[in-house]
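1. sequence unknown, structure follows:
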């Protein structure tokens, strides 16, 4: 049995470390962008600033220093702990299908929210563009396709998941996914990141973090940049057909696989189900409430008049 005081202290540490990581990352990125602009003022023209990936290299390093300082050597040794089950191509393909299902849910959510905002003469299209934009420079390609998946997995499925794991897999996956959603600070993208975070947390626990990194990178590289590039060079009709086959077909397969595994998930949750007060400690603590409210205010502030 866990000590309640230790449990609460660990949760607050995780919340505050996640907030510190996000703040340090954002400040480091802003400073690096400012330096880039001073050296190359021409970057202010058009949307060139949005496609500079190099400032995020500095931000990644600064953020990882926060995680290094907050994590003990014992916790760091668990980051790459092997999972309980081996991975094979069929399992990975099934996980990709589930990821496509999450993508389809994101599309429906973003379209629905945008329609609702439009009825009040508001829009969050800028946030959709930020969430779905492909990489147009090598620096952004390297960051989005490799650095971001690796570092985000080390933070959320490494430090956060493994720090919470001794208190049960459900609180560990739930908090790591929730903080992953808040970290994106995007009213359109954050719900997608939260759901994807549940999938990645499950993968990290069952198969190991190297596979959550691989799935995360596959989502960014193949389902994001690669598929976007392919759809862009195909004729309009062919592009629509490929898009339909990949996303709707893949999402349908993902839904079918989840339905097939539903009894397994129900049995797992029944055996691992945490007490209600444990989950209240995870989300209804002063650090969690304050940081959630601040994050929501930032996300809502990004909505613009149409």
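-> Looks like it came in fine. Please read these numbers as outputs of a predicted model, since none were measured by experiment.
2. can you give me the helices in the stretch 51-200 of the chain?
-> 54-70, 73-76, 89-118, 125-132, 138-142, 148-152, 161-164, 169-184, 189-207 (DSSP state H, counting those that start in this stretch).
3. could I get those helices as JSON lines with mean pLDDT?
-> JSON lines is the format used below for the helices of the stretch 51-200 of the chain (pLDDT from 0 to 100):
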{"stretch": "helix 54-70", "mean pLDDT": "94"}
{"stretch": "helix 73-76", "mean pLDDT": "92"}
{"stretch": "helix 89-118", "mean pLDDT": "94"}
{"stretch": "helix 125-132", "mean pLDDT": "82"}
{"stretch": "helix 138-142", "mean pLDDT": "89"}
{"stretch": "helix 148-152", "mean pLDDT": "96"}
{"stretch": "helix 161-164", "mean pLDDT": "96"}
{"stretch": "helix 169-184", "mean pLDDT": "95"}
{"stretch": "helix 189-207", "mean pLDDT": "95"}
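4. what's the closest of the ones you listed to residue 301?
-> Between residue 301 and the helices of the stretch 51-200 of the chain, the tightest spacing by CB to CB is seen for helix 125-132, at 10.9 Å. From N, CA and C alone the C-beta is placed, and that goes for glycine too.
5. what helices or strands is the closest one leaning on?
-> Counting contacts by 3 or more CB pairs under 8 Å, 6 or more residues apart in numbering; DSSP states H and E, helix 125-132 packs against helix 89-118, helix 189-207.
6. next SSE downstream of the shortest one?
-> Helices and strands here follow DSSP states H and E; after helix 189-207, the next one along the chain is helix 209-218.
7. report the buried residues of the helix or strand just after that next one.
-> For helix 209-218, the following helix or strand on the C-terminal side (DSSP H and E) is helix 227-233. Residues 227, 231 are the ones in helix 227-233 that count as buried (16 or more other CB atoms under 10 Å).
8. and the contacts of the following helix or strand past helix 227-233?
-> Next along the chain after helix 227-233, taking DSSP H and E as the criterion, comes helix 236-243. Contact partners of helix 236-243, identified using CB atoms under 8 Å, 6 or more residues apart in numbering, comprise 230, 231, 232, 234.
9. mind giving me the packing neighbours of the helix or strand following helix 236-243?
-> Going down the chain from helix 236-243, the next helix or strand is helix 250-272, by DSSP H and E. If contacts are counted by 3+ CB pairs under 8 Å, 6+ apart, helix 250-272 sits against helix 89-118, helix 169-184.
10. most tightly surrounded among those helices?
-> helix 169-184 (a mean of 23; mean count of other CB atoms under 10 Å).
11. got the contact list for that helix?
-> By CB under 8 Å, 6+ apart, helix 169-184 touches 11, 14-15, 18, 21-22, 131, 152, 156-157, 160-162, 164-165, 190-191, 193-198, 200-202, 205, 269, 272-274, 278-279, 282-283, 291-292, 295.
12. in ChimeraX, how would I select the buried members of those?
-> Per 16+ other CB under 10 Å, the buried members of these correspond to this ChimeraX selection:
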select :11,14,15,18,21,22,131,152,156,157,160,161,162,164,165,190,191,193,194,195,196,197,198,200,201,202,205,274,278,279,282,291,292,295
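13. per-residue pLDDT, residue 282?
-> You'll see residue 282 listed with a pLDDT of 91.
14. how close does the residue positioned nearest the centre of the chain get to residue 199?
-> Taking CA atoms, centre = their mean as the criterion, residue 193 is the residue nearest the geometric centre of the chain, at 3.9 Å. Per CB to CB, to the nearest Å, residue 193 is found 11 Å from residue 199.
15. excluding chain neighbours, what is closest to residue 125?
-> With sequence-adjacent residues excluded and distances taken as CB to CB, 6 or more residues apart in numbering, residue 125 is closest to residue 114, at 6.6 Å.
16. next, the contact list for the one you found, please.
-> 123, 124, 125, 128.
17. residues near the first one, how many?
-> Think residue 123. Number of residues near residue 123 (other CB atoms under 10 Å) recorded here: 15.
18. touching, it and residue 303? I think so.
-> Yes: under the criterion of CB atoms under 8 Å, residue 123 makes contact with residue 303 at 7.2 Å.
19. residues in contact with both of those two, list them for me.
-> Common contacts of residue 123 and residue 303 (CB under 8 Å, 6+ apart): residue 117.
20. rewinding a little: wait, which of the helices and strands packed on helix 125-132 is closest to residue 64?
-> The nearest among those, by CB to CB, is helix 189-207 at 17.6 Å.
21. before I go, just wanted to say thanks for your time.
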